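Asks: generate coordinates for the sequence data below:
(one chain, ligands or ions: 1)
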Amino acid sequence: MKKAVFFYSWKGFTRKVAEVIGEKMSADLIEIREARERKGIRGFLGGILEAVRKKHINIVFPMQKPEEYDIVFLMTPIWAGNPSPAIRTFVEKTNWADKKTVVVVTQGAGGNSYTEKIKLFMENNQANVLSGIYFRDKTPEDAIREKIDELKRGIKDLGD
Ligand SMILES: Cc1cc2nc3c(=O)[nH]c(=O)nc-3n(C[C@H](O)[C@H](O)[C@H](O)COP(=O)(O)O)c2cc1C
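Replies: Numbers count the residues shown, from 1 in each chain. As a prediction, this is how the structure comes out:
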């Protein structure tokens, strides 16, 4: 079974979780990058505006496509209650038809409600969402590992 993790990370936490998923699920790691480097307070405030306005931004599209995989982990940090602009752009310009997808959200605070929102976002883009999970950005590595193990046990389709 071919698996991939598609992720965007500005500050590195989502990347850290992506690496654990990649290792534990034997999945390819595929980073979505912004075409322009995001920096400082302007990058932060601009990011909030882009997220709230649901704007598309310039990203570097990866060579790999979700349709090449059996299962895709789609990861985004939450920005102002929304998917990050890089991930919104990638998702809305990519074919997800019936793709088995596990939504993985990172966030600074709060509970499950962002995950539900991103699951719906993926369903609206035709993905077949199997499950969703979230991580707060200060979660220590051993707790991340434990949660990924639990996710793996919980999703039969992820079995090797
Ligand atoms: C522009 C911006 C907006 C954010 N908005 C939220 C938010 O609405 N709710 C929340 O819980 N965390 C919010 N965060 C925190 C991030 O979701 C969280 O720190 C995430 O893990 C960052 O991932 P990264 O280190 O991979 O960039 C925001 C962060 C940024 C940079």
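Asks: buried residues in the lowest-mean-pLDDT helix or strand in the chain?
Replies: For the chain, counting by mean pLDDT, DSSP states H and E, helix 141-154 ranks last in confidence among helices and strands (a mean of 94). Across helix 141-154, burial judged by 16 or more other C-beta atoms under 10 Å covers 144, 147-148, 151. Quick note: C-beta positions are derived from backbone N, CA and C, even for glycine.
Asks: keeping just the C-alphas, turn it into CSV.
Replies: Presented in CSV, the C-alpha positions along helix 141-154 are these (Å, rounded to 0.1, in the frame of the first residue of the first chain):
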residue,chain,number,x,y,z
GLU,A,141,7.7,13.9,20.8
ASP,A,142,6.8,10.8,22.9
ALA,A,143,3.2,11.9,23.0
ILE,A,144,3.2,12.5,19.3
ARG,A,145,4.5,9.0,18.7
GLU,A,146,1.9,7.5,21.0
LYS,A,147,-0.9,9.3,19.2
ILE,A,148,0.3,8.1,15.8
ASP,A,149,0.5,4.5,17.1
GLU,A,150,-3.1,4.8,18.2
LEU,A,151,-4.1,6.3,14.9
LYS,A,152,-2.4,3.4,13.1
ARG,A,153,-4.3,0.8,15.2
GLY,A,154,-7.6,2.7,14.7
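Asks: elements contacting it?
Replies: helix 13-25, strand 128-136 (3 or more C-beta pairs under 8 Å, 6 or more residues apart in numbering; DSSP states H and E).
Asks: between helix 13-25 and it, find me the angle.
Replies: Orientation of helix 141-154 against helix 13-25 (axes from the mean of the first three to the mean of the last three C-alpha atoms, to 10 degrees) gives an angle of 50 degrees.
Asks: tell me if helix 141-154 is near the ligand.
Replies: No: using C-beta under 6 Å from any ligand atom, we find that helix 141-154 stays clear of the ligand, coming within 11.5 Å at best.
Asks: show me what from this structure comes close to the ligand.
Replies: Counting by C-beta under 6 Å from any ligand atom, the chain sits next to the ligand at 9-15, 44, 47-48, 77-81, 106-110, 137.
Asks: what sits against the nearest residue to residue 25 once chain neighbours are set aside?
Replies: Nearest residue to residue 25 in three dimensions, chain neighbours excluded: residue 3, at 5.4 Å (C-beta to C-beta, 6 or more residues apart in numbering). Residue 3 sits next to 25-28, 69-73, 158 when contact means C-beta atoms under 8 Å, 6 or more residues apart in numbering.
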